[in-house]
Each structure stands twice: as structure tokens, then as C-alpha cells.
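K.L.:
missing the sequence, but the structure's below:
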């Protein structure tokens, strides 16, 4: 079943350039290479950034783990005779690492964890997975293999043959593991200080052996139990530390292990950052920044986030989707050559070919722009390439400035909306971002209601928010915000003044105090009514006036800067907007596609004969569709004879009634053959399977019909 | 305060009974409704009001659902030219219980209207409706009930009420009593039964609205057309429809078990043998199919061309670390083959025919180590081999390998371990995997971990081309075929044996054929068999017979099983017709 094809050696090119595949289908092949290089460099930059983020986020967790390992180790080192210590030293120090349900991301975490540990604590680390360890024996085998291999790595100059032999011959048992450990530690002990300086300065004299169970939940209980019991017997000679990778909740340890076993563990809990927070950081650093010229459109972002939220919680998959976006954008959009840093883009504009200029003229957003210009300018834009380039440079700059401002104002708005009750515009900044990208956010109902709520904020909240906004604007790179900052600061001082003024006039409080006196119902009602009256008639306080002013100002900022990107000229260059592509490739529905093909072949085969209304198929459909349609009418079992007859009835009717009469009960051979093919195809697709229940019957594997 | 408070209280008191009554009725509709008919008519208004509230809520819910669907993009508006715009519910919704003759009916319908879409006209065949027992009883009960109660417009209003009551009642039941028990509970009370029947028929009516093809059952179409018309236009009915849908989903589960619990199968007893149809072997089948022209060749070609335009994109994406999986109806073998010949000519590639019945992961790994890496030697386990491959590919960055797997979801490769190994293989940056899947449940092979190793990009490549190669292997075909290979293997094996051995087998075969009408035939016991063989001078001791039987067993010609009494029974695991053919052929030879 397997065939290897090797090209003849002379034909064999050393490396096929990926670039070659990049622009083959397009006519404008001139700058595909440049485009590809831009794409690659951009992607590499993004990838580095994501890795950096991951590292930063895990830092805290890893630091905690490292200090835990240090502690556990030192306790074992001190050979105190105290009773408590002795009791404790019977227990295996264990770190329960709660990582969350996004299993796909765990691999990366563990990899960097073992790296960190290797650098800081111990060279002896073994990573085991449930699928490799169906029994304790396999577990020990795996463990020894990994530990002894890493021993080789530490000083590969040593006798390798010895280790090779030992790995194969030594029986996998705890005692052999202990022997090995002793020999190793002795060696490092006896070694001269020259080596100690390099390796042992980082590691202790007898470093602990760390065993990481990557997926604790999938281990069989027996394996875990046995391993823990056995190794707890040897904990004195063999400083073992366990790390459990847990996807669900720490309770699982207790449900997996009986008390007698779990009491042998000294468990400490470590919680990794939730993947949702991880995603927010990623979005923050990748999308809400002007560092990367590439942007995601609203629908695309929505699809990616939905896949994340509704399917896997996996940040890795999100990044993969992002990568696909980048590739897809550069592949399909010839103008994406300008999707780079502003300085480069300006240079590239100058060297645009005529073809590319035409491409730009074809952009819908550019057309809109042209139409808004005066007539003589329109002509110049559409005919003179050099003028066009000039304008493009200007427009690109505009776009850049827009992004700079957009991010700051968005963050500022988020400061306000994220503290409102019920979060009308969403809790996360990504939701706000989506809302702003989708359409003019100030026209939505949610925005309206959030403004209303903002008009009811109390003073201290308002002041802190304003301070936050000031910080955001100060740290932003936008150049237009000097005035804004000034204005906001002015608001702040006004609030301050209000504070001072407020202390002097304290009239309304007194009336409030009256309420607290003892009173009868009638009077209470009266005073309440009076209060209400007075409040209604009262003019707005100074604070309220100021509050309105602040909210209106923010509103103004939003209207000014948070224009949806679709309205911007040349947004097609940097925004990737074809969500359907993304969905097709990442979130495919093979079953639905099969269903459509079988039920409505016209969707694919554009033949008028197949066209039908009402969702039913015509009898001229391909054989498999007819067989499928017929089988839908059956229950659990299908009689092949009936099926065959029904099939031949349909097919004969299509081919004309000429073949009927004499051979009515005998089915034509060709039709029989076609039926056989259709049935076996349905079997291949998994709709039916042969059944032994009754002769010449097949069992249906799906249930229900359409 | 006392004065207004008192007033409010009065209002309150006046309002509560309606609510209370509502609840009360909802709790025990059977009794209350009849007693408090008058009160009911008064409270109808509140019901309607309440229903409207509910409908608002529902609308909200549905809106949210839509949002999700739209965001996830199942909605049709921008799905470009692929068929994934059908929502999940439509794909395999449940239908009313099957009638045995349904298939033939559909066939004749399809046949009668050549070239047209089929929309069954229910008014034409009243007996068809009558055939379904449930609906007919619906009718009777419903009309008895209807006549007994009210005039038509009153009836309409009440219908809503009853719907509402039913919903609440049903919901309560769901939480407490299992389905069967509920049925039994409902049975003794005729009033209750009529109600539940009524609701059932109405939900069917719903289905009918959704789906033109659905056989129309009672009520809606003919007997009370006017009433249902009005019912469908009045606003609260929407709510009911929604509610019914909710119920439908829960019914779906129940009906699944219903369909699979009863052991008796209502199909006809006809067999292919009675058709006196000559069984086709592989060759004749192939020849016959060649005669039949491929339908819609032009359209299929066009489809293929569309897919072929993607080749360079595939290459790009493979090189960027993605792997590609193709799905959709039709054989993707030719497409992949074309991809191979047009793009991969200049690079090392491995083609794996997953549909091949004896393919294993091991053979895939072997061909990589032996032919691609030129490694001589064996490995203890596939995992070792995999490790070796991974190591080699990591060491030598100039190594590149394209792997094409036809039918990644085939019987032999779909196992968890095989998939794990293939996934790990495909996660290597310099191994580029492009595979096809066909089985409807193929994606279930992969959990999140494997998916992330595979790093798939999905491509829908519906080709509609017949699965010629994929189905050509004997074990993938149905009963029509299974005889031929068994027969040929029988004759081949037997031909290589001694005359005595053949005689022994003949004896067994004949005995089995004599007993073919005996359904509980356990096989021939060893002792009897020995006796017969001795009488025919075929063996002289039971040791020789045992030696002979071991040989048969090794060739899978016979099967032994122990009966309840510990006696060994011998059986030829081939169906009777093949055995007859075999004996006939033997007779010819002799």
C-alpha cells in the first residue's frame, strides 16, 4: 500500500523555494518575492512576540515552582532528627500544576518549564505521558531512559558504552535507579572544582529528580498508585519531586488516589494563568498596537475568538489562525506589498508598477475617495501615476495616524465601559474593539446606554478613570493628544476644586439627617414627598454639570477617532477581511458538506437537470444520491432486495420506459452494478454496514432522515 | 400610607387568583379544565399576555443563538461556494416512525415524475395517511374532543391555552418520570391521552411546515384547513412553535432509543437469492460499470479544475507548517494523483493507499526508514521507529518528504495508536502531509491533542467521482461480492491438499448443507465427524483427523466452537450459496 517516489538525482533540486508557490496564479508576478519576504518577516516578528508573551506570562508560575523545588530539596538535605521533619520526609514533595482545559497549549508550557528547571535546579528531569505508560513497568522504563539519557547529555565525554549497556540490561527497578543516582551524584561530588564551577554552581550537590506527569488525569489509577507507593519507600535515598499536570481541577488527585496513597504526597498547588487572560494579552500585544502593520477585520477576529471560546480555549490554535490570516492576506492581496512599516511602505509606493497603480485604483475604498474629490483632481488621480503615488503616501500616513489614535482612544473608552454595571459594551477590550470595527459604535444602542450609565458614575470612580485615561494618552505615541491631556487634566482639577467647595455648603445633608429621626408614617411620607419635589425642581449641581461635560468630551473623542476601519481609504491593504476562508479551513464541517452533496447535488454540479426546488433531489441525480435518498426512508435495517428494486425503478424511469415489460422483475445487469457501486460507496462513507441479523440486510448507521 | 396601600392590595388580590389559577391548572389540567371552563375563558386573556412575554424571551434567546451561529459563520451569507451552510439540525433530523413500504413509495414517486422534483401530494393518497396508526387515532380522538367542547373560535383560543398547559405539563414530566412510565401514566386517562396525542400531531404539523416532503398526517391538511390557517397566523402560535421545537429535541433523544430498543425489525424477508440474480464478481462488475457512462462528466471535470487551481496554494501552506486534509463527497484519489504528478515530480514523496486492506502504520514507517532514509535494520516497536525518524529528520534539515495518504480514515489506519503516530510524524516541520478523508465520522478520530499535532487546514474537495479504487477491495464490498473471493480461496487452498483432505472437507460441507434449514444448527461435532470420516475410509485415527483439521483452521476454512455440553463443533464460516457453488465446482472437477 505504500509507494515511495524518488526523483532522479539530477532532477532533484536541493530546496524548492516556497516563494515559487506564492504567486503562481497571479499575473502580476513582479513583486511576489518581495511580498513573500514581507509576509515571512512579519510573521516571524509576530511569532517572536507571541513567544515572548508566553514566556512573560509563565514567568511568575515558573518562579514559584522553582522556589518550591528549592525548598523541598533543602528540607531533604538537612538531616535533622526532628520527629516532624522525619514524618515530613516520608512524603514526596509534589507540585500540582493546574493548567486548564486547553490541552494543546500544555506541551509548550511543559517544554519551557523543563528548560527552566534544567537551567536552575536539576539536570534530572523526566517527562512522562499517560499514553506511554500503560503499566508501572513502562513508566519505570520511560523514566530510566530519560534520566540516564540526560545523564549522558551532562557529560557526553564519559563512557557512553557503559550507559548504553546499562540501559538495555539493567532491570527497571527502583533500586537500580537509586544505584544510578548514587553513582551520578558521587561522580559530581568527587569531580574537581573545575567542573563544579560550570555545572554544579547552578545545581546543588544532590539535585532532586523531577518527574513531570504531563496529563495526570489520563493515567490509570493503578500505575500512579504503585509508582507513588514504591518511590515513597525510597524517598530518603532518592530525592524525588513530582509535578502533576492537571487540566481539570486539583480535586482530581483525591478522586484518582485513595487516601492511603495521597497521604504519601506533600502537595502544593500552582495555578497557571487562564488561557482567556493569555488570549487577552495576545490580542492586546498583537492587534491593539501600531507595531504590526497587519490588522484583522471584524468578522475575521470574531471567527477566531469564537473558535477559541466555543471550541478549544487554545491560544496556540488562535495563533495558528492568525498565521493563516497573515498568509492568506499576503497571498490573495497583491497590494499587501504595502503592508509593512510606514517608512518602507512609502519607499515601496514610489516603485509601484503601473499594474499595481491600477490595482489601487480598483480598490473600493479608493474609488470612494476619488469620488469625493474635485473633478480635476479625480482625473489626475485616475490618469497620472506619479500624482497617485503622492496621494497614496499621504493616505498611508493618514491610516497610520488613525491606528495610533484609535488604539489610545479605544483603551480610554474601555476604561469607562469596563466598569459600568452589566457591561453594555462588553467586559473585554476585544469586544469593544469588535464593536468599533463593525460599525460606527456611537450609533449603537449599547453605546447609548453605556453613556447613560456613565453619566451616573460617582465622583471617585470618575476621577480614577480620568487619571487612567491621562496615563493612556501620555504613554501613547499619537501626536494629537496634547490638547486632550490638557483638557482631561483640567477636568481633574475642577473635580478637585469641587471637593473643596463642597465642604462649605452642606445644606442637603441636614435634610437627609432628618430622615433618621424617629417619626411616624405620615410624617415620613410627607418628608419624602417634599424631598422628591425639591430634588426635581433643583438645578443640576456643579458636579453633575461637570460629569456631563466629561462624558460629552469622551463621546466627542469616540466620534472623532473610533471611526470603523472600513470607512478609511486604503484599508484593504492592511486589513484581512475574508472570514469565510478562515472558517472553511479551520472550522470545517465535513459532515455538512457530505450531506449537501448527497441531498442537493445541484449545489456542486451546476446542471439544470439537477435543479430542483423544495430541497428534494431529482431522479436524475448521481446514483449515490438516489441510493442515499432511498435509504433514508428505512429504519435500522435495510433489505438489499427492496433497495435494489427501488433503485432500479428510479433509474429505469429516468432512462425511459423502453426497457420495461418483460424484464420487470429482473434487474438489468448494469443497473445492478451501479447499485452495488452506490451501496459500497455509502458503506465507505459510513452510512451503512453489513449486518448479520438477517440475510441480505444492511444496517443503517445514521438515524433519522431528511 | 394605609389608604393607597390598601388599594394596591386590593388590586393585587384581584390579580393573584388568575395567576394562581393558571398555576393550578397547569399542575392538574385534566380535572381543572373541565370544572372551571368558565373561569378559563376569563383567564384566557392573561394567558395570551403571558404567552407573549414568553415569546419575547424566546425571541431574545433565538437572537442570541443566531448571533453565535452568524459569528461562527454557519450562516449562509458569505460562505463561498461550499455546502456548509446547512445548520446542524437539518442534517439528521428525526422523522416519524418508518413504514416498511416507504422506500418503494418514494421510488415510485421519483420514477413517476421524471426530471422533476418530487413533492408528494398528500391529498391524493388518503390510505397512506390512514396507514400510520398514530395519526388516525389522533384524528378520532381529536374530533371527538373537539365536538365535545366548543365552537370553533373558542376552540382556537383554547388551543393556545392547552398548548401552554401541555408544555408546562410536559416539562414537569420530563424532570420526574421516564418516558415509558409517562406513557403508561398517560394511558388510563383518556382525556389526558387525547391531549398528548393532539400535541403530537401538532408538532408533526410543524415538521410538515418545515419540510415539504413530510407526509402530512392528521388535522392540518384536509379536515380542518381553515382553523389551522388562522392558528398559524395568530401571534402566540410562534411561541408554541418554538416550544415545540424544544420538545422536539428532547423527543429526538427518546425516539432514538425507541427506534433502537425494539428487537423486531420490520423489513421484508426477500433475499437476493430469490431474485435468481447471478452474483457479480469483481471483474464483471468492473466491466459493467465501464459500460455505464459517468453522469455529469462535464460538471465533474469543472469541479476538478476548480480544485486543481489550488495546488500552488497547497504547496505554500504545506511549506508554512500546515498539513492539508481533503473532505467531501467523491473519490479524491485522482485529484491527489494529479497533485502528485504535477507538483511533486521533483521531490521525494510517499504515497499511502489507506484503503488497501492490509496497510499498517508499520508499513508506512518501514517505507520511510528503508526507502527514504535508506536505513537497514529493524526496530523493536513502531514508537522506536518513529523516534528514529524524528531524530533523522531533525538532524538533517535538507531532508524533505511529502506524504500523501488516500483515506486517512480507513479501517486499518483509524486506530488511536496509528493516528497518534501519524500525527507525530506530520508534526515534523520537514514532513508535509496531505491526506483525504471520506467517512462521515472521520473527524472523531482526532482529539484536541492530535488535531494540534496535525495542524490541519481543511479543504472541501467534492468531486462526485466514483470511489473505484477505494471500494474495489473485497472486504469493503457488500454481501453481493463476499462470496467470490471466499470461493476462489476455498478452491485454491483445497487444490493444494491431498485427496483425503479434500474428502474430509467435502464431508463437512455436505453435512452443513444438509442442515442449512436448521437455524440452530451448531455444527458437526467432532466425534460424529470422526465416525463419518472413518466410515468413508478417509482417516484411520482421530489424531490424523485432528492434524487435518488444524490445517483447515490455519487457512480459516473451518471454525470450531465448544457447545454447552463441552463438545467441539465444526463449522465452515462460508454462506450456503458459496458452499453449494463450491461443491458443484468440485463435482465438475472430479
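P.N.:
Here it is on my side, so go on. Bear in mind that the values here come from a model prediction, so they are computed numbers and not experimental data.
K.L.:
which regions of the stretch 551-700 of chain A sit below the pLDDT cut-off?
P.N.:
Applying pLDDT under 70 to the stretch 551-700 of chain A picks out residues A:612-618, A:655-667.
K.L.:
again, but for chain A
P.N.:
Checking chain A against pLDDT under 70 turns up A:7-30, A:73, A:75-89, A:150-172, A:187-205, A:502-519, A:535-540, A:612-618, A:655-667, A:704-706.
K.L.:
mind running it again at 50?
P.N.:
Chain A contains residues with pLDDT under 50 at A:10-16, A:24-27, A:80, A:151-169, A:191-202, A:506-507, A:659-664, A:706.
K.L.:
Relative to chain B, which residue of it is the closest?
P.N.:
Going by CB to the nearest CB, chain B is nearest to residue A:596 of chain A, at 2.9 Å. In this view, the C-beta of every residue, glycine as well, is placed from N, C-alpha and C.
K.L.:
any bit of the strand or helix carrying residue A:585 sitting next to chain B?
P.N.:
Using DSSP states H and E, residue A:585 falls within helix A:579-586. Yes: residues of helix A:579-586 contacting chain B under CB under 8 Å from any CB of the partner chain: A:579, A:580, A:581, A:583, A:584, A:585, A:586.
K.L.:
about what we covered before: which secondary structure element contains the residue of chain A closest to chain B?
P.N.:
helix A:590-599.
K.L.:
helices or strands up against that helix?
P.N.:
If you count contacts as 3 or more CB pairs under 8 Å, 6 or more residues apart in numbering or on different chains; DSSP states H and E, helix A:590-599 packs onto helix A:623-631, helix B:88-91, strand B:323-327, strand B:456-460.
K.L.:
Report the contact partners of residue B:571.
P.N.:
Applying CB atoms under 8 Å, 6 or more residues apart in numbering or on different chains, we find residue B:571 in contact with B:512, B:522, B:523, B:524, B:558, B:559, B:560, B:561.
K.L.:
Same check on residue A:434?
P.N.:
Shown in contact with residue A:434 (CB under 8 Å, 6+ apart): A:298, A:301, A:302, A:305.
K.L.:
Just the ones of those in strands?
P.N.:
Among the contacts of residue A:434, no residue falls in strands (DSSP state E).
K.L.:
what about residue 343, neighbour count?
P.N.:
Just going to use chain A. Per other CB atoms under 10 Å in any protein chain shown, the neighbour tally for residue A:343 reads 8.
K.L.:
my bad, chain B
P.N.:
Residues lying near residue B:343 (other CB under 10 Å) number 18.
K.L.:
Roughly how far does it sit from residue A:40?
P.N.:
From residue B:343 over to residue A:40 the distance is 21 Å, taken as CB to CB, to the nearest Å.
K.L.:
ok, residue B:364 touching residue A:2?
P.N.:
Yes: at 5.5 Å, residue B:364 counts as touching residue A:2 under the criterion of CB atoms under 8 Å.
K.L.:
Which one's more surrounded, the two?
P.N.:
Neighbours were tallied for residue B:364 and for residue A:2 using other CB under 10 Å; the higher tally belongs to residue B:364 (24 against 20).
K.L.:
Quick one: list the elements packing against the helix or strand that one falls within.
P.N.:
According to DSSP H and E, residue B:364 maps onto helix B:361-367. If contacts are counted by 3+ CB pairs under 8 Å, 6+ apart, helix B:361-367 sits against strand A:2-5, strand B:349-353, helix B:382-395, helix B:416-426.
K.L.:
Please identify the most buried of these.
P.N.:
With neighbours defined as mean count of other CB atoms under 10 Å in any protein chain shown, the helices and strands packed on helix B:361-367 peak in mean count at strand B:349-353, which reaches a mean of 22.
K.L.:
That one versus helix B:416-426: what angle between them?
P.N.:
Relative orientation of strand B:349-353 and helix B:416-426, computed by axes from the mean of the first three to the mean of the last three CA atoms, to 10 degrees: 160 degrees.
K.L.:
Can you spell out which helices and strands pack onto strand B:349-353?
P.N.:
So strand B:349-353, by 3+ CB pairs under 8 Å, 6+ apart, packs with strand A:2-5, helix B:361-367, strand B:401-406.
K.L.:
Wondering if the shortest one reaches chain B at all.
P.N.:
Yes: judged by CB under 8 Å from any CB, strand A:2-5 and chain B are in contact via A:2, A:3, A:4, A:5.
K.L.:
Need the contact partners of that strand.
P.N.:
Residues outside strand A:2-5 that contact it (CB under 8 Å, 6+ apart) are B:340, B:344, B:348-353, B:359, B:363-364, B:366-368, B:371-372.
K.L.:
try it again with 7 Å
P.N.:
With CB atoms under 7 Å, 6 or more residues apart in numbering or on different chains as the test, strand A:2-5 has contacts from B:349, B:350, B:351, B:352, B:363, B:364, B:367, B:371, B:372.
K.L.:
For residue B:312, see how far away the residue lying closest to the fifth one once chain neighbours are set aside is.
P.N.:
Excluding the flanking residues, the one nearest residue B:363 by CB to CB, 6 or more residues apart in numbering or on different chains is residue A:2, at 5.5 Å. Taking CB to CB as the measure, residue A:2 and residue B:312 are separated by 26 Å.
K.L.:
Could you do residue B:534 as well?
P.N.:
Distance from residue B:534 to residue B:312, by CB to CB: 75 Å.
K.L.:
Neighbour count: the two, which is higher?
P.N.:
Set residue B:534 next to residue B:312 and count neighbours by other CB under 10 Å: residue B:312 wins out with 18 against 14.
K.L.:
so that one is in which element?
P.N.:
According to DSSP H and E, residue B:312 maps onto helix B:311-319.
K.L.:
what's that helix packed up against?
P.N.:
Helix B:311-319 sits against helix A:315-332, strand B:323-327, helix B:333-343, strand B:431-436, with contacts defined as 3 or more CB pairs under 7 Å, 6 or more residues apart in numbering or on different chains; DSSP states H and E.
K.L.:
Show the subsequent helix or strand relative to the longest one.
P.N.:
When you say that, I think you mean helix A:315-332. helix A:342-350.
K.L.:
Endpoint to endpoint, stretch B:374-391 covers what distance?
P.N.:
14 Å (CA to CA, to the nearest Å).
K.L.:
er, stretch A:304-317 I mean
P.N.:
9 Å.
K.L.:
what about the nearest residue to residue A:271 once chain neighbours are set aside, how many neighbours?
P.N.:
Using CB to CB, 6+ apart and skipping residues adjacent in sequence, the residue nearest residue A:271 is residue A:98, 5.0 Å away. By other CB under 10 Å, 17 other residues sit near residue A:98.
K.L.:
Any chance of the residues of helix A:579-586 next to chain B in CSV with distance to residue A:215 and neighbour count as columns?
P.N.:
Putting the residues of helix A:579-586 next to chain B into CSV (distance: CB to CB, whole Å; neighbours: other CB atoms under 10 Å in any protein chain shown) gives the following:
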residue, distance to residue A:215, neighbour count
A:579, 34, 22
A:580, 35, 19
A:581, 34, 19
A:583, 30, 27
A:584, 31, 22
A:585, 28, 20
A:586, 25, 18
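K.L.:
thinking again about what came up before, need the winner for burial among the helices and strands packed on strand B:349-353.
P.N.:
Of all those, as judged by average neighbours under mean count of other CB under 10 Å, the leader is strand B:401-406 with a mean of 23.
K.L.:
relative orientation of it and helix B:382-395 in degrees?
P.N.:
Here strand B:401-406 runs at an angle of 140 degrees relative to helix B:382-395 (the same axes, to 10 degrees).
K.L.:
returning to what we had before: hmm, which two among the contacts of strand A:2-5 are most spread apart?
P.N.:
Spatial extent of the contacts of strand A:2-5 (CB to CB) is set by the pair B:349 and B:363 at 16.2 Å.
K.L.:
The residue nearest to residue B:429 when sequence neighbours are not counted: neighbour count?
P.N.:
Among residues not flanking residue B:429 along the chain, residue B:321 sits closest, at 6.2 Å (CB to CB, 6+ apart). A count of neighbours around residue B:321, defined by other CB under 10 Å, yields 13.
K.L.:
and residue B:447, what does it touch?
P.N.:
By CB under 7 Å, 6+ apart, the contact list for residue B:447 is empty.
K.L.:
Return the distance of it relative to residue A:587.
P.N.:
Distance of residue B:447 to residue A:587, given as CB to CB: 16 Å.
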